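In: attaching a predicted model along with its sequence, questions to come.
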Amino acid sequence: MKTTMHSLTEKSVLLSVLLLFLALPCLSQNILTSNLIWETDQVTDLQNQITTAYKAKFKTSASRSVEWIQRKDQMNTRYEITATEGSWNDISKPGSITYLLSRNDKVVKMTIEKNATGTFITLAFSVQGEFTSQQKFHVQSVQPEN
């Protein structure tokens with residue numbers, strides 16, 4: 001009976017390790033190839049440094065588009081990604097990426113970054129060719145889009 005029990009334990013450990021390796025790709029999302037939903041809980045106006053509670057979602061669709069969802073899913077704004085600066089192969093680790101977004105001849109620079117203090121999305125709105133108005137969103141969660 002000891003041999004059978006020992007054999008079952010080894011099989012259980014082997015199966016657990018195998019399942020862990022199969023799950024790892026799900027945990028390490030590459031922002032350039034994944035469709036992700038970034039949920040925010042606050043925003044800071046970087047001109048006056050005022051932070052307020054703010055629930056919104058940003059859906060990044062690989063390197064194609066970004067959808068900004070506000071007001072409890074009642075207001076959606078879709079931007080096309082026209083340029084990308086950098087790459088970020090694993091959003092579970094520190095890193096950043098910057099997108100240049102376009103909608104109705106308006107240009108927005110969007111930087112998504114993760115550092116020791118958290119995950120943030122910064123939007124810089126172009127006014128007469130200069131990125132002046134900036135908002136920084138605190139990301140409370142990131143999930144793959146189903």
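Out: Nice, thanks for sending it over. Residues are numbered from 1 along each chain as shown.

In: and residue 46, how far from residue 88?
Out: Separation of residue 46 from residue 88 (CB to CB, to the nearest Å): 22 Å. For glycine as for every other residue, the C-beta is placed from the backbone atoms N, C-alpha and C.

In: centre-most residue in the protein?
Out: Centroid-nearest residue in the chain, with CA atoms, centre = their mean: residue 38, separated by 4.8 Å.

In: hmm, back to that, more neighbours: which of residue 46 and residue 88?
Out: residue 88 (17 against 14; other CB atoms under 10 Å).

In: and for the more buried one, nearest residue in space, chain neighbours not counted?
Out: residue 95 (4.1 Å; CB to CB, 6 or more residues apart in numbering).

In: beta partners for that neighbour?
Out: Beta-bridge pairing for residue 95 (DSSP bridges): residue 114.

In: how much space separates it from residue 63?
Out: From residue 95 to residue 63 the distance is 15 Å (CB to CB).

In: check residue 55 too.
Out: In this view, residue 55 and residue 63 are 26 Å apart by CB to CB.

In: quote the end-to-end distance of stretch 68-87.
Out: Using CA to CA, to the nearest Å, one end of stretch 68-87 lies 21 Å from the other.

In: and that stretch, how far from the chain's centre?
Out: How far stretch 68-87 lies from its chain's middle: 11 Å, per CA atoms, centre = their mean, to the nearest Å.

In: just stretch 59-71 next, same as before
Out: Taking CA atoms, centre = their mean, one finds the center of stretch 59-71 at 10 Å from the center of the full chain.
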